[in-house]
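Asker: Structure for this input, please:
(one chain, ligands or ions: 2)
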Amino acid sequence: MAQSSASQIKVGIVGGTGYTGVELLRLLSQHPNAKLQAITSRSEDGMPVAQMFPNLRGKVDLKFQTPEQAGLESCDVVFFATPHGVAMKQAQSLLDHNVRIIDLAADFRLQDTAAFEKWYKMPHSCPDILAESVYGLVELNRGRIADARVIGNPGCYPTTVLLGLAPLLEGGKPLVDESRIIADSKSGVSGAGRKAEVSTLFSEAGDNFKAYGVAGHRHHVEISEQLQKLASGRQVGLTFIPHLVPMIRGMFSTIYASILPEALDTDFQALFEKRYANETFVDVLPAGSQPETRSVRGSNALRIAVHRSGNGDQLVILVVQDNLVKGAAGQAVQNMNLMFGLPESAGLEHVALLP
Ligand SMILES: NC(=O)C1=CN([C@@H]2O[C@H](COP(=O)(O)OP(=O)(O)OC[C@H]3O[C@@H](n4cnc5c(N)ncnc54)[C@H](OP(=O)(O)O)[C@@H]3O)[C@@H](O)[C@H]2O)C=CC1
Ligand SMILES: CC(=O)N[C@@H](CCC(=O)OP(=O)(O)O)C(=O)O
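Answerer: Residues are numbered from 1 along each chain as shown. Ligands and ions are numbered 1, 2, ... in the order given. Got it, this is the predicted structure:
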């Protein structure tokens, strides 16, 4: 159980019964500098957290409380592991109490409020707070995260696609045909959350493999907004197709890009290795490697392999992560560490679970 001390960060979690909420609990209950202070659930109000999640017995001795009763305003930071539209309604009152906010949903991800309203089917209730918020993809935005009061933690698919493409787009000179990039992405079923839905029943999702959101997915607009920033304002044309695979955790994005004739002699392996050389959580695998989702299961690592296919003019980038860790709760804790001046890897040193 985390011991309280003056230097510990007082943490609240809104939405402690969902999959990202319980993942935050797993990570933060072992974090050397965090003290869990308030965990909310409206449906499980009064239930001991460890009764619902026995993996936390002896680690978390709090009960779930409603958001109104939990005393969130006395925390240093509050994580929202809630559906879209919840954090933005509580953000101002928490900021008024000097509480910093990390939202795992999409309320603070898209700067384009018209796109937010189109894809999330609700008006944005605090565009002024959105304007000061920072997109919490640490490897791209580290400089701005430390001082941020509000973080929009990235979507799981966007994390894989953006980190898989950043080294190609960040340079001033295009290396690949930026008008036709393809991201073919697959997610485990936990990506859909813990709520009961027919599509995530064992008998629907098991022994099955399907694409969805082919005509449009809300992560496409999130990825596109960030890709344009990475490419210094150049338009980037992306086809993004998500798939559901019959596993619980894990995400795999295969990204295809055509190398421009003038860039054919680029050493892409070296480019990726150099870009991520100082990143604790991004692992560029040796040339020829084929990453597996189980190599990141339960860990905050994201692994990338760089390949050329065909006659060498097609780049194929393979990216794996655990959707609940680097794709959600782990990334959120990485943001918290930066915001509070801690080592970025504090509480995030778990090695992936095999088999
Ligand atoms: N699953 C994943 O891989 C990823 C998820 N995300 C995002 O993280 C967020 C949480 O996802 P996930 O954990 O899967 O979701 P779940 O559906 O599993 O859990 C949602 C949680 O929010 C609480 N909640 C629901 N409505 C409200 C409300 N109006 N006010 C306060 N609390 C509420 C629920 O508890 P109760 O109803 O009892 O209060 C529950 O604890 C979502 O926005 C999701 O899009 C982001 C990246 C990856
Ligand atoms: C498998 C599955 O259903 N995945 C979710 C995305 C994961 C997620 O929660 O992303 P947000 O935080 O942006 O909602 C989906 O496609 O809707």
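Asker: What about residue 266, how many residues nearby?
Answerer: Neighbour count for residue 266, taken as other Cβ atoms under 10 Å: 17. Every residue, glycine included, has its C-beta placed from N, CA and C.
Asker: Now it. Nearest residue, chain neighbours left out?
Answerer: residue 175 (5.9 Å; Cβ to Cβ, 6 or more residues apart in numbering).
Asker: Return the distance of that neighbour relative to residue 271.
Answerer: Here residue 175 is placed at a distance of 8 Å from residue 271 (Cβ to Cβ, to the nearest Å).
Asker: Does residue 72 touch residue 14 like I think?
Answerer: Yes. Residue 72 is in contact with residue 14 according to Cβ atoms under 8 Å; the separation is 7.0 Å.
Asker: Mutual contacts of those two, please.
Answerer: 40, 78, 90 (Cβ atoms under 8 Å, 6 or more residues apart in numbering).
Asker: most neighbours, which of those residues?
Answerer: Taking other Cβ under 10 Å as the neighbour criterion, residue 78 ranks highest of the shared contacts of residue 72 and residue 14 with 27 neighbours.
Asker: that older thread, find the residues that touch each one of residue 175 and residue 271.
Answerer: Taking Cβ under 8 Å, 6+ apart as the criterion, residue 175 and residue 271 both touch residue 168.
Asker: Near ligand 2, which residues of the stretch 1-150 of the chain? Just list them.
Answerer: Proximity of the stretch 1-150 of the chain to ligand 2, by Cβ under 6 Å from any ligand atom, involves residues 105, 106.
Asker: How about the stretch 151-300 of the chain?
Answerer: So the stretch 151-300 of the chain meets ligand 2 at 155, 156, 187, 191, 192, 219, 242, 244 (Cβ under 6 Å from any ligand atom).
Asker: can you put those residues in JSON lines and add pLDDT, distance to ligand 1 and secondary structure?
Answerer: Output for these, formatted as JSON lines (pLDDT from 0 to 100; distance: Cβ to the nearest ligand atom, whole Å; DSSP: H, G, I helix; E, B strand; the rest coil):
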{"residue": "155", "pLDDT": "98", "distance to ligand 1": "6", "secondary structure": "coil"}
{"residue": "156", "pLDDT": "98", "distance to ligand 1": "4", "secondary structure": "helix"}
{"residue": "187", "pLDDT": "98", "distance to ligand 1": "7", "secondary structure": "strand"}
{"residue": "191", "pLDDT": "98", "distance to ligand 1": "4", "secondary structure": "helix"}
{"residue": "192", "pLDDT": "97", "distance to ligand 1": "7", "secondary structure": "helix"}
{"residue": "219", "pLDDT": "98", "distance to ligand 1": "10", "secondary structure": "helix"}
{"residue": "242", "pLDDT": "98", "distance to ligand 1": "12", "secondary structure": "strand"}
{"residue": "244", "pLDDT": "98", "distance to ligand 1": "12", "secondary structure": "strand"}
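Asker: By neighbour count, which of those residues wins?
Answerer: residue 156 (27 neighbours).
Asker: Could you list the low-confidence segments of the stretch 1-150 of the chain?
Answerer: The stretch 1-150 of the chain contains residues with pLDDT under 70 at 1-6.
Asker: Which parts of it are helices?
Answerer: For the stretch 1-150 of the chain, the helices defined by DSSP state H, counting those that start in this stretch occupy 19-28, 49-52, 87-96, 113-120, 127-132, 138-145.
Asker: Lovely, talk soon.
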